[in-house]
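Asks: my questions are about this predicted structure, shown below with the sequence.
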Amino acid sequence: MHDLDQACEKLLNNDVIAFPTETVYGLGARIDSADAIKKIFSTKQRPFFDPLIVHTYSVEQAKSCFHSWNLIADVLSKKFWPGPLTLVMKKSEKISDLITSGLENVGVRIPNHELALQLLKKINIPLAAPSANKFGKTSPTKSAHVYKEFGDSVFILKNKDDKGCEIGIESTVLLIRENSEISILRKGAILKSHILEVLNENKILYTWIEAANKKESPGHMKHHYMPDIPFVICKNPAMKLSELGHILNSKLNELPDFVEGVRIIKPAGKIEKIEFLKLSTDPAQAAREMYSQLRSASERKPQALCYIQMPNSQSELWESIYDRLYKAASLVID
């Protein structure tokens with residue numbers, strides 16, 4: 001049986017599957033089956049208060065997930081779909097409260113990935129799909145990452161070349177209210193400047209709101225994307241290694257064991273071996289390699305992993321990367 005046929009068969013049998021997108025691998029289930037949606041949460045060990053994003057293959061199918069469609073959504077979808085932009089608006093009756101964690105809004109996007117689109121078109125049912133990893137852990141950008149999380153318990157639909165996901169971080173999540181207020185709930189590769197440029201070019205009326213309730217978006221917890229070793233961000237590039245080690249040993253053990261249901265990774269003993277996460281100075285490349293490097297470092301099992309935040313890494317896309325890095329960190333040192 002062809003992999004695509006096997007994936008569809010599993011979905012029709014209310015199972016979950018992992019499939020690649022341009023952002024990260026998703027753990028998908030059909031939206032019209034409560035049993036299938038519940039299996040996403042049980043497989044990921046994800047709490048029900050964390051909403052899921054719905055994936056479709058066409059704008060018309062996306063529209064059916066919303067209560068109504070407006071000019072802002074129309075303009076942005078024409079520009080950025082298929083692509084890493086999730087639109088959040090009031091949901092239609094076909095979207096269950098399980099998917100939205102009881103919220104009235106739902107997030108929907110069309111992934112810009114040939115195999116994902118083939119799957120969505122063939123199954124012809126929108127799929128709810130968070131990232132294909134255990135709750136709170138590092139997102140997967142390769143099929144090997146998914147297998148590391150779930151083994152043979154989850155069917156993985158793979159690219160032929162099995163290259164990593166092109167973008168490497170989750171989609172931008174944009175809330176669109178019925179009064180034309182808009183706000184980014186989760187930063188991603190589609191930037192605020194990109195969104196405003198399109199709206200302004202098309203003379204669309206809107207009100208930008210910086211502060212929004214991020215609980216309407218997945219991945220809103222203080223700690224998320226965490227590797228299996230203590231990960232620390234140091235904001236002082238001049239700090240000596242000896243001083244860094246002293247701070248790690250004194251402060252990491254003071255942390256709570258859990259924050260918002262996510263286990264904080266702490267050292268078993270005194271930290272003496274520290275490895276450093278080195279990302280490209282190009283933010284697009286850094287985004288592609290970040291999760292993979294976090295996972296690779298975890299597998300080498302140093303006592304701690306540290307990222308030195310450089311002052312010249314300041315752009316909108318770096319903000320999206322830092323959003324993930326800070327949530328992945330057990331500790332941030334000024």
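Replies: Yes, it's here. Fair warning: this is a prediction, and the values are worked out from it, not measured in the lab.

Asks: elements contacting the longest helix belonging to the chain?
Replies: Using DSSP state H, we find that the single longest helix of the chain is helix 283-300. Packing contacts for helix 283-300, counted by 3 or more C-beta pairs under 8 Å, 6 or more residues apart in numbering; DSSP states H and E, involve helix 143-150, strand 304-308, helix 316-328. Just so you know, the C-beta spots here come from the backbone N, C-alpha and C atoms, and that holds for glycine as well.

Asks: can you tell me what sits against the helix or strand following the first one?
Replies: Taking DSSP states H and E as the definition, the helix or strand that follows helix 143-150 towards the C-terminus is strand 155-156. With contact meaning C-beta atoms under 8 Å, 6 or more residues apart in numbering, strand 155-156 is reached by 6-7, 10, 15, 17-19, 25, 132, 143, 146-147.

Asks: CA-only coordinates of the helix or strand that strand 155-156 is followed by in PDB, if you can.
Replies: Sequence order places strand 172-176 as the next helix or strand after strand 155-156, per DSSP H and E. The C-alpha coordinates for strand 172-176 follow below in PDB (Å, rounded to 0.1, in the frame of the first residue of the first chain):
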ATOM      1  CA  THR A 172       2.500  32.800  12.800                       C
ATOM      2  CA  VAL A 173      -0.900  32.900  14.500                       C
ATOM      3  CA  LEU A 174      -3.000  36.000  13.800                       C
ATOM      4  CA  LEU A 175      -6.200  36.800  15.700                       C
ATOM      5  CA  ILE A 176      -8.900  38.700  13.600                       C
END
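
Asks: pick the one among the contacts of strand 155-156 closest to residue 187.
Replies: Closest to residue 187 out of these is residue 25 (19.9 Å), distances taken as C-beta to C-beta.

Asks: contact partners for the residue sitting furthest away from the middle of the chain?
Replies: For the chain, the largest distance from the centre (C-alpha atoms, centre = their mean) belongs to residue 242, which lies 34.5 Å off. Residue 242 makes contact with no residue, according to C-beta under 8 Å, 6+ apart.

Asks: quick check: it is in a helix.
Replies: Yes: under the criterion used here (DSSP: H, G, I helix; E, B strand; the rest coil), residue 242 sits inside a helix.

Asks: distance check, it against residue 291.
Replies: For residue 242, the distance to residue 291 under the criterion C-beta to C-beta, to the nearest Å works out to 30 Å.

Asks: and what of residue 251?
Replies: 25 Å.

Asks: ok, now residue 101?
Replies: In this structure, residue 101 and residue 291 are 24 Å apart, going by C-beta to C-beta.

Asks: those two: who's more crowded?
Replies: Using other C-beta atoms under 10 Å as the criterion, residue 101 and residue 291 rank with residue 291 on top: 27 against 15.

Asks: residues contacting the more buried one?
Replies: When the contact criterion is C-beta under 8 Å, 6+ apart, the partners of residue 291 are 24, 138-141, 145, 168-169, 225, 324.

Asks: pick out the most distant pair among these.
Replies: Greatest spatial distance among the contacts of residue 291 (C-beta to C-beta): 145 and 324, at 14.8 Å.

Asks: all helices of the stretch 101-250 of the chain, in order?
Replies: 114-123, 143-150, 192-201, 241-251 (DSSP state H, counting those that start in this stretch).

Asks: relative to residue 51, which of the ones you listed is closest?
Replies: When those are compared for distance to residue 51 using C-beta to C-beta, the nearest one is helix 114-123, at 19.4 Å.

Asks: where's residue 119 relative to residue 246, distance?
Replies: In this structure, residue 119 lies at 51 Å from residue 246, with C-beta to C-beta as the measure.

Asks: more neighbours, these two?
Replies: A count of neighbours by other C-beta under 10 Å puts residue 119 above the other of residue 119 and residue 246, at 24 against 12.

Asks: quick check: residue 271 touching residue 303?
Replies: Yes: taking contacts as C-beta atoms under 8 Å, residue 271 lies within contact range of residue 303: 4.5 Å.

Asks: okay, and the common contacts of these two?
Replies: With contacts defined as C-beta under 8 Å, 6+ apart, the residues adjacent to both residue 271 and residue 303 are residue 230.

Asks: low-confidence ranges, the protein, go.
Replies: In the predicted model, the chain carries pLDDT under 70 at residues 1-2, 211-222, 260-261.

Asks: break it down into its domains, please.
Replies: When the chain is parsed into structural domains using automatic domain parsing, the resulting residue ranges are 3-216, 231-333.
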